[in-house]
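Visitor: here is my input, please return the structure:
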Amino acid sequence: MIRFKSLSSGSCGNCYFLGSFTEEGRCEHSVIIDTGVSFRRAKKDLQSDNISIEEIDAILVTHDHNDHIRSLGSWCKRLKKPVWATERLHNALTCNYMVHPWISDCRRKLSEDGWTEIVPGRISVRWFEVPHDATQTVGYAINMDGYMFVIMTDAGSVTDEALELAGKARTLVIESNYDYEMLIHGPYPKVLQDRICGGHGHLSNDECAEAIGKLMHDGLDNIFLCHLSEHNNTPELAVKTCRKTSGTSRLVALPRQTPSRITNL
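Guide: Numbers count the residues shown, from 1 in each chain. The predicted structure is shown next:
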């Protein structure tokens, strides 16, 4: 059984859990995607679902913006688990003053071409690049015990490679950051509006819905909308827009600052 939980999803911090469980409810293998929340808070949030943070197998990093790596140094120092990323992203993390003192012993490089086994025989990962204004931003296709899970957050647009991989997923986590009308009539200055919707910023509700329509397939059971803007979106708007193309898939908008419930996928 594969289970998913969002610990936080938005500019305030991003952190996601994905794990494989026995029928008795014991977590066998698991990964954390991004560490934008504190180690202490994550430990408490996972404990509420009887998950031990010390048993996590690996950490995946999508990019080097602060809301995704704010606590990575602390996680490395306290957990001492492998941190998987591309070589380019690792080089950026090594230069980050909050991360570099602790990451060297945890650093693991993902293959530049194809899949990387991060837990032999159980978890394989393939990264794909997405347009965003960080050093490098990637999404992940994660094959966990034969279950395909794809996550893409902070994406200015959706590439053909992302569509191809998401088209094989049983669960998809995809950004639905803003409603265009709320953005252009909202409090943000024009320069920030242009950054958000300029193709290397964030994905709008309409763009997310369009992408879902392109990648939709019968095997896609779950769609989680992530990284919703506090000022330029609402969960109701995001779900309403994306429901037009999501078919019969379970569609959920993830909370921004609080943990989601743990979900059996």
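
Visitor: and the contacts of the lowest-mean-pLDDT helix or strand in the chain?
Guide: Here the helix or strand of the chain ranked lowest by mean pLDDT, DSSP states H and E is helix 100-103, holding a mean of 90. Here helix 100-103 makes contact (CB atoms under 8 Å, 6 or more residues apart in numbering) with 72-74, 76-77, 83, 90, 93-94. Every C-beta, even on glycine, is put in place using the N, C-alpha and C of the backbone.

Visitor: now, which of those sits nearest residue 148?
Guide: Here the nearest of these to residue 148, counting by CB to CB, is residue 83; it sits at 22.7 Å.

Visitor: and the gap between that closest one and residue 161?
Guide: Going from residue 83 to residue 161 by CB to CB, to the nearest Å gives 23 Å.

Visitor: what's the answer for residue 253, then?
Guide: Relative to residue 161, residue 253 is positioned 25 Å away (CB to CB).

Visitor: neighbour count: the two, which is higher?
Guide: Higher neighbour count among residue 253 and residue 161: residue 253, with 22 against 15, using other CB atoms under 10 Å.

Visitor: can you pull the phi/psi pair for that one?
Guide: Phi and psi for residue 253, reported as degrees, to the nearest 10, are phi -90, psi 120.

Visitor: so who does the closest residue to it other than its chain neighbours touch?
Guide: Spatial nearest neighbour of residue 253, chain neighbours left out: residue 235 (3.7 Å); criterion: CB to CB, 6 or more residues apart in numbering. Contact analysis of residue 235 by CB under 8 Å, 6+ apart lists 225, 228, 253, 255.

Visitor: looking at those residues, which is nearest residue 37?
Guide: Checking these against residue 37 with CB to CB, the nearest one is residue 255 at 12.5 Å.

Visitor: specify the beta-bridge partners of residue 30.
Guide: Going by DSSP bridges, residue 30 is paired in beta bridges with residue 19.

Visitor: that one and residue 59, how far apart?
Guide: Look at residue 30 and residue 59: by CB to CB, they are 10 Å apart.

Visitor: before we move on, the earlier item: in ChimeraX, how would I select the buried members of the contacts of helix 100-103?
Guide: Here is the ChimeraX command that selects the buried residues among the contacts of helix 100-103 (16 or more other CB atoms under 10 Å):
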select :72,73,74,76,83,90,93
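
Visitor: on that earlier part again, most surrounded residue in the contacts of residue 235?
Guide: residue 225 leads these on contacts (other CB under 10 Å) with 28 neighbours.

Visitor: beta-bridge partners for that one, please?
Guide: In this entry, residue 225 is beta-bridged to residue 174, residue 253, by DSSP bridges.

Visitor: which ones are touching it?
Guide: Contacts for residue 225 (CB under 8 Å, 6+ apart) come out as 174-176, 208, 235, 238-239, 242, 251-254.

Visitor: if we use 7 Å, what do you get?
Guide: Residues in contact with residue 225 (CB atoms under 7 Å, 6 or more residues apart in numbering) are 174, 176, 208, 238-239, 242, 252-254.
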